[in-house]
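Novice: the sequence isn't on hand, but the structure is:
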């Protein structure tokens, strides 16, 4: 039996959905999550990607270098803290800290200088800024990501979700080869696994897109190729950033601004695609084509 | 009326002066200006305004297709050829 409705997903053993757009995983649901991440980790190891464990916060100053706050203000989530000082803390505690509707009544806030990570790979470019690479870098991490949305659905659209990425920073040729090889292998994987996933060009979800030159640029020069499950849900994407991050963070390769590209897997969305396709009897994953040669 | 040669020459000059790479890269009519990041997203809006100025018309941004600004030849074909044929 397959699981067709999101309401049924909420009944899945080990998936505890929270209305604020996040879920707890345990039992069968956690088993599937871990199985999937083991698969992606194995794929990343096959191209000798260096494994990283990333923090949850990311510097707002660094993200601003990507013009992130003009492009995606609707997605950003900020961690806030009360301003230090006994008077302010006293004001908070002696007032009504939270309303009956669950809204915190905040007093003065400390300056907000960080945001919750919106995409895993940003950390890599920030960490490599100012470096000149003697060889292409292959990196991987599974990041705890946050994107504010207007509504949420279990596994399909979450405020807090996990994104495994495999990234290449190198010359244009090196990154193109990396991304092309992943696309071929993933297409073969989807066919072998009987997963209804097709690649489609896409643009990032810019705020006020018609007025954003970056949106226009993505239309003119499609660099985002999504893995779309059953014509409606992007479960991952292959992205060629050209030298956008290399220029923003002064990363050099072969005397030029480095290029970069990433293969991104939305962990919860992959879970959804597998559960909808196979129910709880998910078969063994097929082997990735030419795994040792990536 | 301006000839094809005039228009392509004006486009090359504009791209060269607008680009951060302008002095370093030789721009011919088939140089891929976006692929090689000769023109970035910051300049592409200005390029559209420049095309509107040259054609004395407006460019429908929403209907632009991938590759429409690939190189000078493609820009000429997409935005100037029809009016110059008249």
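Specialist: Sure thing, it's come through. A quick note: this is a predicted structure, and the numbers were derived from the prediction, not measured.
Novice: right, and the helix or strand after the helix or strand hosting residue A:265?
Specialist: Remark: residue A:265 resides in strand A:259-266, with elements defined by DSSP states H and E. As assigned by DSSP H and E, the chain's next helix or strand after strand A:259-266 is helix A:267-278.
Novice: what mean pLDDT does that following helix get?
Specialist: Helix A:267-278 comes out with an average pLDDT of 96.
Novice: that one packs against which elements?
Specialist: helix A:27-46, strand A:160-170, strand A:224-229, strand A:233-242 (3 or more Cβ pairs under 8 Å, 6 or more residues apart in numbering or on different chains; DSSP states H and E). Where C-beta positions appear, they are placed from N, C-alpha and C, glycine not excepted.
Novice: in JSON lines: those, plus mean pLDDT, mean neighbour count and distance to chain B.
Specialist: Converted to JSON lines, these look like this (pLDDT from 0 to 100; neighbours: other Cβ atoms under 10 Å in any protein chain shown; distance: least, Cβ to the nearest Cβ, whole Å):
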{"stretch": "helix A:27-46", "mean pLDDT": "95", "mean neighbour count": "17", "distance to chain B": "28"}
{"stretch": "strand A:160-170", "mean pLDDT": "98", "mean neighbour count": "24", "distance to chain B": "15"}
{"stretch": "strand A:224-229", "mean pLDDT": "97", "mean neighbour count": "21", "distance to chain B": "12"}
{"stretch": "strand A:233-242", "mean pLDDT": "96", "mean neighbour count": "21", "distance to chain B": "6"}
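Novice: note down every partner strand of the strand holding residue A:265 and its orientation.
Specialist: strand A:160-170 (antiparallel), strand A:233-242 (antiparallel) (DSSP bridges).
Novice: for that strand, which outside residues touch it?
Specialist: Strand A:259-266 is touched from outside by A:36, A:40, A:119-121, A:125, A:161-172, A:174-176, A:178-179, A:182, A:186, A:234-246, A:251, A:253, with contacts defined as Cβ atoms under 8 Å, 6 or more residues apart in numbering or on different chains.
Novice: contact partners for residue B:18?
Specialist: By Cβ under 8 Å, 6+ apart, residue B:18 lies in contact with B:39, B:43, B:46, B:47.
Novice: the helices in the stretch 1-150 of chain A, which residues?
Specialist: Along the stretch 1-150 of chain A, counting by DSSP state H, counting those that start in this stretch, helices occupy A:6-9, A:27-46, A:60-64, A:68-71, A:86-94, A:122-127.
Novice: need the contact list for the residue of the stretch 51-200 of chain A found nearest chain B.
Specialist: The minimum distance from the stretch 51-200 of chain A to chain B, using Cβ to the nearest Cβ, falls at residue A:172 (8.6 Å). Going by Cβ under 8 Å, 6+ apart, residue A:172 touches A:242, A:243, A:259.
Novice: so how many other residues sit close to the residue lying closest to the second one once chain neighbours are set aside?
Specialist: Right, the one you point to is residue A:243. In this structure, residue A:243 finds its nearest non-sequential neighbour in residue A:257, 4.0 Å apart by Cβ to Cβ, 6 or more residues apart in numbering or on different chains. Residues contacting residue A:257 under the criterion other Cβ atoms under 10 Å in any protein chain shown number 22.
Novice: run through the bridge partners of residue A:257.
Specialist: With DSSP bridges as the criterion, residue A:257 is bridged to residue A:252.
Novice: give me the below-cutoff pLDDT ranges for the chain.
Specialist: Looking at chain A here, since you left the chain open. Within chain A, the stretches with pLDDT under 70 are A:1-8, A:10-11, A:290-294.
Novice: wrong one, I was asking about chain B
Specialist: Ranges of chain B meeting pLDDT under 70: B:22-23, B:83-86.
Novice: which stretches in it count as helices?
Specialist: With DSSP state H as the criterion, chain B has helices at B:4-18, B:41-55, B:72-79, B:81-85.
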